[in-house]
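Asker: Need the 3D shape of this:
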Amino acid sequence: MLETPPLQPRLLHLPGGLRLLDERTDKIVLQLHPRKTYATIPTPEYSQVYATVARIGLPTIGVEFPTLDTLRGVAAPDWQVASPSQGFALRAERNAWSQVRTLAQREGREFDADLANRAVTYLDLAAIRLFDLSNCYSRVLIAFDHDSDARQKVGILYRDGFVTALEAAIHAFAADAASFRDLIVEAAWKLLRLGEGPVRKIERFIKYYKMDTHRIGNTLWSVAKDGWLGQFSNLRNDITHAAPIGGRGIRDCTVRAHQLGESIVPQLHYPLFGSDGKLFDDSLYADFSDDARARATMERYVSWSDGGVDALDYAWRVTDQLVALLGQVRIASAIRGEMPTITDKDVIGPVVIGRG
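Answerer: Numbers count the residues shown, from 1 in each chain. From the prediction side, this is the model:
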């Protein structure tokens with residue numbers, strides 16, 4: 001008689017550097033790290049953990065499935081990005097393009113195979129960039145918690161050496177997401193036959209696409225010109241060509257207080273945009289030679305930060321939108337795929353079956 005394998009432990013990555021540990025015991029644990037617990041919650045059904053956490057205002061950015069080997073550092077983390085609304089959409093899209101690659105290689109369709117291979121790669125990179133950025137948030141928050149003076153002042157500006165690593169992770173996300181964006185443009189132009197000649201960059205797409213050629217093309221042009229994709233392109237261009245993310249004005253984190261029942265849970269906030277959608281505010285330069293001007297500038301920064309868009313949340317949502325856009329192109333193109341199959345002809349040498 002077959003036995004149902006035990007459900008795997010998992011570590012949920014939450015906004016602001018928090019973690020939720022589900023070891024399939026009677027409680028799930030909201031924590032900063034194993035020695036710093038904020039709350040315990042009676043364990044719901046396995047499939048209901050994400051909804052349970054969302055109800056307390058903490059959506060799941062992604063989930064790790066730790067094993068002995070990943071904890072030892074001899075295996076890569078088993079990490080899956082969660083979508084704000086579509087489950088594990090990135091993993092599903094990766095699987096779909098992997099199947100496209102398999103069939104295209106078998107049928108000798110070189111362009112489709114190359115495109116699918118790059119799609120799989122950029123989806124993998126997108127997941128890694130979110131994993132790295134989430135871990136940077138966690139490291140900064142752990143350092144904040146270790147600083148007893150800072151810990152007593154939730155809401156203050158905070159910066160340490162880990163914040164520079166966090167800013168580097170934002171740069172890495174922006175670089176790979178921009179390449180991912182251009183892949184979507186290339187895929188749409190070629191697979192949906194949106195126009196003549198090669199178009200592989202967002203700027204050329206905006207310039208040469210003729211509206212009403214295709215509904216997906218219309219959507220892509222609109223979001224690239226004046227929508228969320230245009231804002232992302234401006235971000236990428238600004239921090240790449242004008243000034244790095246931490247290289248203009250004040251760029252400190254704040255640690256916010258998240259109310260959870262009777263407890264206060266700290267969450268890291270790194271403001272990427274102001275409420276006006278601007279990446280930088282040129283007035284936020286502190287002249288520390290004059291105490292009054294410096295204090296006034298810091299107060300303006302705190303106000304700007306409080307209304308600002310958080311970097312981790314922004315990266316998570318942009319990634320989800322890129323994945324959805326790529327999926328729309330794939331579905332509209334009706335490009336085919338198939339699962340790989342292994343037959344006796346694929347087996348070379350003796351087959352040894354051992355215990356796992």
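Asker: What is the neighbour count of the closest residue to residue 9 other than its chain neighbours?
Answerer: Nearest non-adjacent residue to residue 9, counting by C-beta to C-beta, 6 or more residues apart in numbering: residue 23, 4.6 Å away. The C-beta positions use only the backbone N, C-alpha and C, and glycine is treated the same way. Residue 23 has 15 neighbours, counted by other C-beta atoms under 10 Å.
Asker: got it, and residue 245?
Answerer: 23.
Asker: hang on, it packs against residue 169?
Answerer: No: if you go by C-beta atoms under 8 Å, residue 245 and residue 169 don't touch, sitting 9.8 Å apart.
Asker: Student question: in the chain, what's the helix or strand with minimum average pLDDT?
Answerer: helix 148-151 (a mean of 64; mean pLDDT, DSSP states H and E).
Asker: Next SSE downstream of it?
Answerer: strand 157-158 (DSSP states H and E).
Asker: Partner strands of that next one, with direction?
Answerer: The pairing partners recorded for strand 157-158 under DSSP bridges are strand 253-260 (antiparallel).
Asker: Dump whichever helix or strand comes after the partner strand to PDB, keeping only the CA atoms.
Answerer: Beyond strand 253-260 on the C-terminal side, the first helix or strand identified by DSSP H and E is strand 263-269. Listed next in PDB are the C-alpha coordinates belonging to strand 263-269 (Å, rounded to 0.1, in the frame of the first residue of the first chain):
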ATOM      1  CA  SER A 263       1.900  43.000  19.200                       C
ATOM      2  CA  ILE A 264       4.000  45.400  17.100                       C
ATOM      3  CA  VAL A 265       6.000  43.700  14.300                       C
ATOM      4  CA  PRO A 266       8.800  45.700  12.600                       C
ATOM      5  CA  GLN A 267       8.900  45.800   8.900                       C
ATOM      6  CA  LEU A 268      11.700  47.300   6.800                       C
ATOM      7  CA  HIS A 269      10.700  49.900   4.200                       C
END
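Asker: by contact count, what packs against the very next helix or strand once past strand 263-269?
Answerer: For strand 263-269, the following helix or strand on the C-terminal side (DSSP H and E) is strand 271-273. Packing partners of strand 271-273 (3 or more C-beta pairs under 8 Å, 6 or more residues apart in numbering; DSSP states H and E): helix 228-237, strand 309-310, helix 311-333.
Asker: Out of those, which gets nearest to residue 89?
Answerer: Residue 89 lies closest to helix 311-333 among these, at 5.4 Å (C-beta to C-beta).
Asker: Buried residues, the closest one. List them.
Answerer: Neighbour-count burial for helix 311-333 flags 311-316, 318-323, 325-330, 333 (criterion: 16 or more other C-beta atoms under 10 Å).
Asker: any idea of the mean pLDDT in the lengthiest helix in the chain?
Answerer: When the chain is parsed with DSSP state H, its longest helix is helix 110-146. On average, the pLDDT along helix 110-146 is 96.
Asker: Equivalent analysis for stretch 185-205, please.
Answerer: Averaged across stretch 185-205, pLDDT comes to 95.
Asker: Quote the end-to-end distance of that stretch.
Answerer: For stretch 185-205, the first-to-last residue distance is 7 Å (C-alpha to C-alpha, to the nearest Å).
Asker: Now that stretch: buried residues?
Answerer: For stretch 185-205, the neighbour count (16+ other C-beta under 10 Å) marks 185-192, 194-195, 199, 202, 204-205 as buried.
Asker: Residues touching that stretch, excluding its own?
Answerer: 111, 115, 119, 181-182, 208-210, 213-214, 216-217, 220-221, 224, 229, 233, 326, 329-330, 332-333, 335 (C-beta atoms under 8 Å, 6 or more residues apart in numbering).
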